[in-house]
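Colleague: dropping a prediction and its sequence here:
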Amino acid sequence: MLLNKILVIGASHTGAFRQLLNDGFEIPGYIFDVYGINGAAFTNENLIKSSNNMLELSGVFAEGSHHNWFHSKETSIINLEEYCGVFLLEPLFIIAGLMRQQLWNNRKGICTEFLSGSEFFFPTFSLGKFIPITTHQWLEIYKNWRVGSIITMSTIRSINKNIPILILPTPLPPKRLDSAAYAYYNLKEQAFLALYLQNTFNIKFILQPKFTLNIDLTTFDEFHEREPDPHHPTPKYYAELLSKTIDFNSLDFYAEFKKGPL
Amino acid sequence: MSENPYKDLPPHHFWQSGVALCSPFNMKNIYIKKWGLDPAWNIATAGSCFAQHISRHLKVHGCNVLDMEPPPPGLPESQHSRFGYSMYSCRYGNIYTAPQLMQLVKEAIGIFNPSDIAWMKSDKFYDSQRPGTEPEGFNSIDVLLSHRAHHLSCVRDMLIQMDLFIFTLGLTEAWVHNESGTIYPLSPGTIAGVYDKNKYSFKNFTYQENIDAITNTLELLNEFRKGKQIKLILTVSPVPLTATASGNHVLNATNYSKSTLRSVAGTLSDTYEDIDYFPSYEIITNQAARGLFYEPNLRTVRDQGIDVVMQTFLSEQGLTKDRVTEFNNSPVASFASEKSYIQCEEALLEAFNAVK
């Protein structure tokens, strides 16, 4: 039987995906090649490039350290023609670094639009003193900060305009990582970003499914790792996503999950 | 030779020796400071687009130019001026007229509310008082108002903290809301909004209206700052009008506007000890330069001209090269010395004119 191959590429979340495969998880008829690198590397534009119609991955220096790719194959040269689809595990991973610490935690750049409607979930939440930014500024900050993410998608598209690219949702922060309102805010950030990526790179996406979330929009404990990396998903999280949300015949998400969890 | 009042005057008082035979790159005595600028002062800047050059050069030379509304962390430097950041001490964009400056001060201290604050284009909302600072517009009026409230709080902080205010007078022409008298920096219908001749009118502010605007602004500031003294440096932008709605030829309108503003600055400088005039206008328009300081469009001032203007100012103020060296080694130097694109919404008028 000829197996369909899917390229899985992303940040440290790929560790959980790889672990899932190591544990024997299977989607009949499909195999997965996994390439992962520390999320910080996506702040560097040199982590991926196109060479002779192949994707070429490079280790990079980012945020104070050198980072290398981890992969399930011997080579860091990827022939996209071997694959029927790409799963990206990184672009919506905006809970880390600059955007959470500086913009949200320090209130140095808040899009109030991303909190619109949050009163239902968090009636007593108050931002306090903050500096407002628009969604346009937010997007410019993202594109500048996660330049490697943008390069990854544009490089794939420069080689193959039609291969399905599915962005698997990043789990929202667990309760103890941040205030609960941040989960709502982060979800809206992801929705805004994913829509932009869909329009720009023709990607497919869903936000984190409701069945993995608490009522306050934080992630169930079984779907995220323990300290010190509670922002990482567990293998079980990806098992649920692959089993329940993706139609592997069309390589798209089931329509019921495209509405989002809110 | 018989006695006459010109007999013992120095060379720069005579056209031949002061201008015709003098290098436009090094005009002696064209600016004699009224008082020294202490680089430790909190300096605030505002005005027409030419004022952006002054702000940038003062930062490079180690002056403490206030930035009360800095860009958010992570916004790339290439985007700063696009969103109106780091151009002036707050994100108010270009303030072309003195009456608009007075209006902003009144709004910041809570005694004025501009009418028609939101202008629309497609489904986006633009702050009519600074339409160029959010180029893609706001997604709703609520968001626009929350951003404006934040902006005004930054302006208030600036008004309190500044020791020296440098204001570049740009135009006498503006557009006003008929019913409320609200002044706009641009005509509705350029960047956003809809021009309705029954709702908005062209206004060419007179000499006296400009004088009153500056003196009233200073009185308001004096009260708001509880008597804390402030110094003011006025300059006149040498950038000609892109277009005029006065009905006159644009050259006549430019000269009317600039000469009015030059007179206003001169009168105020002659009258008040705390107001100084710096002749950037004269340095750039100097006949001896034969238009050398302008780009081929005869409007945009060349970098060479800016350098001469700033060198004249800085050397008279004793802001030596040593200070530049010291500053260039500081962590903020790379940001301040980056030559950013100078925002001039007026140029949009030119673009609109070109597509006719």
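Modeller: Sure thing, it's come through.

Colleague: rest of the way, CA atoms for contacts and neighbours
Modeller: Noted.

Colleague: all helices for the stretch 1-150 of chain B, in order.
Modeller: Using DSSP state H, counting those that start in this stretch, the helices of the stretch 1-150 of chain B run over B:15, B:51-60, B:77-80, B:98-108, B:141-161.

Colleague: of all the ones you listed, which one is nearest chain A?
Modeller: Closest of those to chain A is helix B:141-161, at 6.2 Å (criterion: C-alpha to the nearest C-alpha).

Colleague: mind listing what the helix or strand following the closest one pairs with, with the direction of each?
Modeller: The helix or strand immediately downstream of helix B:141-161 is strand B:164-169, counting by DSSP states H and E. Strand B:164-169 has the following strand partners under DSSP bridges: strand B:43-47 (parallel), strand B:231-236 (parallel).

Colleague: show me the contact partners of the first one.
Modeller: It refers to strand B:43-47. B:51-52, B:55, B:63-67, B:88-89, B:94-97, B:158, B:162-170 (C-alpha atoms under 8 Å, 6 or more residues apart in numbering or on different chains).

Colleague: quick revisit: need the helices of the stretch 1-150 of chain B in JSON lines (columns: mean pLDDT and mean neighbour count).
Modeller: Output for the helices of the stretch 1-150 of chain B, formatted as JSON lines (pLDDT from 0 to 100; neighbours: other C-alpha atoms under 10 Å in any protein chain shown):
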{"stretch": "helix B:15", "mean pLDDT": "94", "mean neighbour count": "11"}
{"stretch": "helix B:51-60", "mean pLDDT": "87", "mean neighbour count": "22"}
{"stretch": "helix B:77-80", "mean pLDDT": "95", "mean neighbour count": "16"}
{"stretch": "helix B:98-108", "mean pLDDT": "98", "mean neighbour count": "22"}
{"stretch": "helix B:141-161", "mean pLDDT": "97", "mean neighbour count": "18"}
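
Colleague: and those helices as JSON lines, adding distance to chain A?
Modeller: Below are the helices of the stretch 1-150 of chain B laid out as JSON lines (distance: least, C-alpha to the nearest C-alpha, whole Å):
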{"stretch": "helix B:15", "distance to chain A": "52"}
{"stretch": "helix B:51-60", "distance to chain A": "21"}
{"stretch": "helix B:77-80", "distance to chain A": "8"}
{"stretch": "helix B:98-108", "distance to chain A": "17"}
{"stretch": "helix B:141-161", "distance to chain A": "6"}
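
Colleague: which SS state does residue A:33 fall under?
Modeller: strand (DSSP: H, G, I helix; E, B strand; the rest coil).

Colleague: deepest of the strands paired with strand B:164-169, which one?
Modeller: strand B:43-47 (a mean of 26; mean count of other C-alpha atoms under 10 Å in any protein chain shown).

Colleague: put the alpha carbons of that strand into PDB.
Modeller: Output in PDB follows, covering the C-alpha atoms of strand B:43-47 (Å, rounded to 0.1, in the frame of the first residue of the first chain):
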ATOM      1  CA  ILE B  43      12.300  69.500  24.800                       C
ATOM      2  CA  ALA B  44       9.000  69.000  23.000                       C
ATOM      3  CA  THR B  45       8.600  69.400  19.300                       C
ATOM      4  CA  ALA B  46       5.600  69.900  17.000                       C
ATOM      5  CA  GLY B  47       4.600  71.600  13.800                       C
END
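
Colleague: run the angle between it and helix B:98-108 for me.
Modeller: Between strand B:43-47 and helix B:98-108, the angle comes out at 120 degrees (axes from the mean of the first three to the mean of the last three C-alpha atoms, to 10 degrees).

Colleague: got the angle between strand B:43-47 and helix B:51-60?
Modeller: Going by the same axes, to 10 degrees, strand B:43-47 makes 160 degrees with helix B:51-60.

Colleague: off-centre distance for stretch A:227-245?
Modeller: Computed by C-alpha atoms, centre = their mean, to the nearest Å, the chain-centroid distance of stretch A:227-245 equals 12 Å.

Colleague: buried set for it?
Modeller: For stretch A:227-245, the neighbour count (16 or more other C-alpha atoms under 10 Å in any protein chain shown) marks A:230-239, A:241-242, A:245 as buried.

Colleague: got a list of contacts for that stretch?
Modeller: For stretch A:227-245, using C-alpha under 8 Å, 6+ apart, the contacting residues are A:12-13, A:16-20, A:25, A:27, A:95, A:168, A:170-174, A:177, A:212, A:222-225, A:253-254, A:257.

Colleague: what does chain A put close to chain B?
Modeller: Within chain A, the positions near chain B by C-alpha under 8 Å from any C-alpha of the partner chain are A:98, A:102-103, A:108-109, A:112-113, A:131-134, A:136-137, A:140-142, A:144-145.

Colleague: at 10 Å instead, please
Modeller: A:98-99, A:102-103, A:107-113, A:129-145 (C-alpha under 10 Å from any C-alpha of the partner chain).

Colleague: tabulate the strands paired with strand B:164-169 (a markdown table), appending mean pLDDT.
Modeller: Compiled in a markdown table, the strands paired with strand B:164-169 are given as follows (pLDDT from 0 to 100):
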| stretch | mean pLDDT |
| --- | --- |
| strand B:43-47 | 97 |
| strand B:231-236 | 97 |
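
Colleague: distance to residue A:66 added to the ones you listed, as CSV?
Modeller: Below are those laid out as CSV (distance: least, C-alpha to C-alpha, whole Å):
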stretch, distance to residue A:66
strand B:43-47, 42
strand B:231-236, 51
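
Colleague: and residue B:150, which of those is closest to it?
Modeller: Residue B:150 lies closest, by C-alpha to C-alpha, to one member of the strands paired with strand B:164-169: strand B:43-47, at 17.8 Å.

Colleague: circling back: filter the contacts of strand B:43-47 down to the buried ones, ChimeraX style.
Modeller: A single ChimeraX command is used to select the members of those judged buried by 16+ other C-alpha under 10 Å:
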select /B:51,52,55,63,64,65,66,67,88,89,94,95,96,97,158,162,163,164,165,166,167,168,169,170
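
Colleague: and the contacts of stretch A:227-245, which of them are in helices?
Modeller: A:13, A:16-20 (DSSP state H).
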